[in-house]
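Participant: Fold the stuff below for me.
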Amino acid sequence: MYMELVCPAGNLPSLEAAVEHGADAVYIGFRDETNARHSAGLNFDAQTMAQGVELARSRGVQVYVALNTYPRPDGWTRWQQAVDHAAELGVQALIVADLAVMDYAARHCPGVRLHLSVQASSTNYESIRFYHEHFGIRRAVLPRILSLQQVERIAAHSPVAVEVFGFGNLCVMVEGRCLLSSYATGRSPNTWGVCSPASAIEWHASAEGLETRLGGLLIDRYPPGRKASYPQMCKGRYEVQGQVYHALEEPVSLNTLDLLPELQEAGVAAVKIEGRQRSPTYVAQATRVWRAALDECERAPLSYRSRREWQSQLAKVAERYQTSLGAYGRPWQ
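Facilitator: All right, here's what the predicted structure looks like:
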């Protein structure tokens with residue numbers, strides 16, 4: 001079974017990198033809170049999105065638009081307009097999480113496929129069947145909290161194709177349900193589209209090192225010479241019973257190269273690379289490696305082995321240069 005490679009594009013240069021290095025599809029978002037990567041300097045305006053769609057079309061690459069946040073009543077028209085605009089541009093699919101957005105898209109743009117976003121947090125095939133029966137979704141993106149055995153069971157019983165994350169940042173929370181950063185910033189990532197708004201981030205030099213704060217709360221402290229990370233509450237270091245450590249989640253990237261034959265055998269239709277907030281260099285590197293790996297797995301799944309050079313290249317763009325199987329490596333789940 002062929003597994004589609006879905007790559008991130010947070011801007012036009014990243015889209016170009018994904019197309020150039022072998023993506024089957026790219027996922028993008030508008031420059032507002034309708035998508036879950038609403039960060040300064042990211043995403044597409046009307047002109048650059050039209051350019052990106054045309055470039056992808058010319059190379060046979062599909063374009064999926066993420067409209068995967070939850071509208072507030074006073075902003076509902078922005079989500080409607082985003083659905084309409086994406087459909088007018090001729091994109092192949094909308095990645096959606098909210099019931100009202102699904103309903104509007106299904107009724108007004110029936111020619112555009114609907115993919116259930118990971119933000120919908122659908123962790124069983126019964127919920128996927130609900131979205132399929134009521135809104136006609138054609139694919140479901142599974143959360144990163146599921147084990148391989150759980151993915152296999154869902155794929156075997158799902159009425160639609162399933163997509164999984166193969167590489168990129170991990171999320172320790174139930175995706176689409178996290179309220180941690182709301183506590184610090186007053187803005188929910190599920191409605192505002194970003195868990196660490198730039199306006200809430202502070203950097204302070206202290207006698208003990210560089211401090212990062214989110215909404216005034218201390219997230220981490222870095223000694224001189226140590227590389228600082230973008231502050232996220234779930235990946236901060238905190239003092240617990242006299243010890244300072246990553247109490248919620250160790251910063252590390254998901255990497256499932258070793259599991260490609262198992263994912264293929266399970267019937268997974270697509271593998272997604274996380275990272276619309278990352279650079280074009282990251283997109284190029286990850287896309288190039290995953291294109292080679294997926295092609296080799298398709299040619300010879302029984303003899304497939306991930307190569308050392310692939311792992312080395314991915315480690316260079318991983319969080320803290322570390323990778324993990326995440327929940328896929330938990331056979332007890």
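
Participant: Let me see the domain layout of this structure.
Facilitator: With domains defined by automatic domain parsing, the chain comprises 4-170+252-329, 183-245.

Participant: between the ones you listed, which gets the lowest average pLDDT?
Facilitator: Least confident of these, judged by mean pLDDT, is domain 183-245 with a mean of 85.

Participant: contacting residues for Phe167?
Facilitator: 253-257, 273-274, 286, 290, 314 (CB atoms under 8 Å, 6 or more residues apart in numbering). (Each C-beta comes from the backbone N, C-alpha and C, glycine too.)

Participant: Now name the helix or strand holding it.
Facilitator: For Phe167, the host element (DSSP states H and E) is strand 161-169.

Participant: Can you list the strands that that strand pairs with?
Facilitator: Partners of strand 161-169 in the sheet, by DSSP bridges, are strand 139-141 (parallel), strand 253-255 (antiparallel), strand 270-273 (parallel).

Participant: tell me how far that strand is from the chain's mean position?
Facilitator: 8 Å (CA atoms, centre = their mean, to the nearest Å).

Participant: Check stretch 51-60 too.
Facilitator: Worked out by CA atoms, centre = their mean, stretch 51-60 lies 21 Å from the chain centre.

Participant: Likewise for stretch 251-266?
Facilitator: 15 Å.

Participant: How about stretch 113-123?
Facilitator: With CA atoms, centre = their mean, you get 11 Å for stretch 113-123.

Participant: What are the boundaries of the helices in the protein?
Facilitator: Taking DSSP state H, the helices of the chain run over residues 12-20, 46-58, 76-89, 99-108, 125-135, 148-157, 180-185, 189-192, 260-266, 280-299, 308-316.

Participant: want to try JSON lines for those, with mean neighbour count and distance to Gly215 as columns?
Facilitator: Listed next are the helices of the chain as JSON lines, based on neighbours: other CB atoms under 10 Å; distance: least, CB to CB, whole Å:
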{"stretch": "helix 12-20", "mean neighbour count": "22", "distance to Gly215": "29"}
{"stretch": "helix 46-58", "mean neighbour count": "16", "distance to Gly215": "31"}
{"stretch": "helix 76-89", "mean neighbour count": "17", "distance to Gly215": "25"}
{"stretch": "helix 99-108", "mean neighbour count": "17", "distance to Gly215": "28"}
{"stretch": "helix 125-135", "mean neighbour count": "16", "distance to Gly215": "33"}
{"stretch": "helix 148-157", "mean neighbour count": "17", "distance to Gly215": "34"}
{"stretch": "helix 180-185", "mean neighbour count": "18", "distance to Gly215": "3"}
{"stretch": "helix 189-192", "mean neighbour count": "20", "distance to Gly215": "13"}
{"stretch": "helix 260-266", "mean neighbour count": "19", "distance to Gly215": "38"}
{"stretch": "helix 280-299", "mean neighbour count": "20", "distance to Gly215": "27"}
{"stretch": "helix 308-316", "mean neighbour count": "14", "distance to Gly215": "32"}
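
Participant: out of those helices, nearest to Gln241?
Facilitator: In this view, these are compared for proximity to Gln241 by CB to CB, and helix 180-185 is the closest at 20.4 Å.

Participant: excluding its backbone neighbours, what's nearest Ser117?
Facilitator: Asn68 (3.6 Å; CB to CB, 6 or more residues apart in numbering).

Participant: My read is that the one you found contacts Ala36, right?
Facilitator: Yes - if you go by CB atoms under 8 Å, Asn68 and Ala36 touch, sitting 5.1 Å apart.

Participant: how about the domains of the chain in a markdown table, adding distance to Gly176?
Facilitator: Listed next are the domains of the chain as a markdown table, based on distance: least, CB to CB, whole Å:
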| stretch | distance to Gly176 |
| --- | --- |
| domain 4-170+252-329 | 4 |
| domain 183-245 | 6 |
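
Participant: Out of those domains, flag the one nearest Arg177.
Facilitator: Across those, closest to Arg177 is domain 4-170+252-329 (CB to CB), at 5.7 Å.

Participant: and Gln62, bridged to which residues?
Facilitator: Ala25.

Participant: ok, it - contacts?
Facilitator: Counting by CB under 8 Å, 6+ apart, the residues that Gln62 touches are 24-26, 56, 92-93.

Participant: Then Glu152?
Facilitator: Contacts of Glu152 by CB under 8 Å, 6+ apart are 262, 266.
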